[in-house]
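Asker: pasting a predicted model and its sequence here:
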Amino acid sequence: MNDDRGRLAEPVIDLNADLGESFGAWKLGDDEALTRLISSANVACGFHAGDPLTLRRTCAAAVAAGVVIGAQVSYRDLAGFGRRAMDVPQAELAAELLYQIGALDGIARAAGSRVRYVKPHGALYHRVRTDRAQAGALVDALRSYDASLPLLGQPGGVLAELAAEAEVALVPEAYADRGYLPDGSLVPRTQAGAVLTDPVLVAARAVRMVVSGRVAAVDGSDVPVILRSLCIHGDTPGAVALAAAVRDGLLAAGVKLAAFA
């Protein structure tokens, strides 16, 4: 893309991470360190992870660091970390998602900010790409709360279709620390190559995705990707090192880091 002066415009990307996923005595991830490296925080809402005190501290840390807060909504699945397939009636799911958005927004406002976007988590994230009822529940919950909030997710699929019909913005996202299948979907976590933990490899993939719009799939084929935001999972082993390597790599490549919301 060229700017008005005919020169190559500076690429701009959001770097996001999943935060607030500790629960009581169970500690997951290094939220404090990650908050210093990212521009947007996908904060758990208590259904797949996160207790009220954790969420309050996470939102306060995000505000202090100037990081945008997003509500990461999920199936009601603490035991499975929101990564188990669930069949929830559409009206019930919409109400549960609305509950999560409102709860986190209240905590964020108490910290001096607000929820600026919504992102589905885990099994719900993948389900809404193909399931019209589940995707409809997500869009309904968002529009019922605040239709101006964008959704963060992978481009294409049923969710993108329903979001467009409802005039809800869908911000395209890609993953630095996950493997891709040839069709552009993520490698299931039950299969080899699903999670990437080498900082050098992850940073190189991230830069290529942002600069060239391409990523190597697990079979070696080249897959096109569209993204405005790049995710690092907070529970990936060595997440802080990965985020630091990705951030440094992007900046060295001339990419500007900025939140989309």
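Answerer: That came through, no problem.
Asker: and the helices in the stretch 101-250 of the chain?
Answerer: 122-127, 132-146, 157-165, 199-212, 239-252 (DSSP state H, counting those that start in this stretch).
Asker: can I get those helices in JSON lines with distance to residue 86 and mean pLDDT?
Answerer: Every residue, glycine included, has its C-beta placed from N, CA and C. Below are these laid out as JSON lines (distance: least, CB to CB, whole Å; pLDDT from 0 to 100):
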{"stretch": "helix 122-127", "distance to residue 86": "7", "mean pLDDT": "96"}
{"stretch": "helix 132-146", "distance to residue 86": "9", "mean pLDDT": "98"}
{"stretch": "helix 157-165", "distance to residue 86": "17", "mean pLDDT": "97"}
{"stretch": "helix 199-212", "distance to residue 86": "30", "mean pLDDT": "97"}
{"stretch": "helix 239-252", "distance to residue 86": "26", "mean pLDDT": "97"}
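Asker: ranking these by burial, who's on top?
Answerer: Of all the helices of the stretch 101-250 of the chain, helix 122-127 has the most neighbours on average by mean count of other CB atoms under 10 Å, namely a mean of 22.
Asker: tell me which other helices or strands that helix touches.
Answerer: For helix 122-127, the packing partners by 3 or more CB pairs under 8 Å, 6 or more residues apart in numbering; DSSP states H and E come out as helix 132-146.
Asker: model confidence at the residue lying closest to residue 256 once chain neighbours are set aside, what's the number?
Answerer: Nearest non-adjacent residue to residue 256, counting by CB to CB, 6 or more residues apart in numbering: residue 12, 4.7 Å away. Residue 12 is assigned a predicted lDDT (pLDDT) of 96.
Asker: list the contacts for the closest residue to residue 133 other than its chain neighbours?
Answerer: With sequence-adjacent residues excluded and distances taken as CB to CB, 6+ apart, residue 133 is closest to residue 90, at 4.4 Å. Residue 90 makes contact with 133-134, 136-137, 140 under the criterion CB atoms under 8 Å, 6 or more residues apart in numbering.
Asker: ok, residue 123 to residue 104 distance?
Answerer: For residue 123, the distance to residue 104 equals 19 Å [CB to CB, to the nearest Å].
Asker: hmm, back to that, hmm, the residue nearest to residue 256 is touching residue 254, no?
Answerer: No: the pair residue 12 / residue 254 is not scored as a contact, 10.7 Å apart, by CB atoms under 8 Å.
Asker: list the buried residues in stretch 15-31.
Answerer: By neighbour count on 16 or more other CB atoms under 10 Å, the buried set for stretch 15-31 is 15-23, 28-29, 31.
Asker: wait, which of these is closest to residue 78?
Answerer: Minimum separation from residue 78 among those (CB to CB) is found for residue 23, which lies at 7.0 Å.
Asker: report the beta-bridge partners for that closest one.
Answerer: Beta-bridge partners for residue 23, by DSSP bridges, are residue 26.
Asker: thought it was touching residue 50?
Answerer: Yes: Residue 23 lies in contact with residue 50 (CB under 8 Å); the separation is 6.4 Å.
Asker: quick one: contacts for the nearest residue to residue 248 once chain neighbours are set aside?
Answerer: Counting by CB to CB, 6+ apart, residue 203 is the residue found nearest to residue 248 once chain neighbours are left out, at 7.0 Å. Applying CB under 8 Å, 6+ apart, one finds that residue 203 lies in contact with 176, 242, 245-246, 248-249.
Asker: JSON lines for those residues, including distance to residue 224?
Answerer: Output for the contacts of residue 203, formatted as JSON lines (distance: CB to CB, whole Å):
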{"residue": "176", "distance to residue 224": "16"}
{"residue": "242", "distance to residue 224": "23"}
{"residue": "245", "distance to residue 224": "24"}
{"residue": "246", "distance to residue 224": "20"}
{"residue": "248", "distance to residue 224": "25"}
{"residue": "249", "distance to residue 224": "20"}
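Asker: and of those, the nearest to residue 159?
Answerer: residue 176 (21.3 Å).
Asker: leaving out the residues flanking it, which one is nearest to that closest one?
Answerer: In space, residue 176 is closest to residue 206, 4.2 Å off (CB to CB, 6+ apart).
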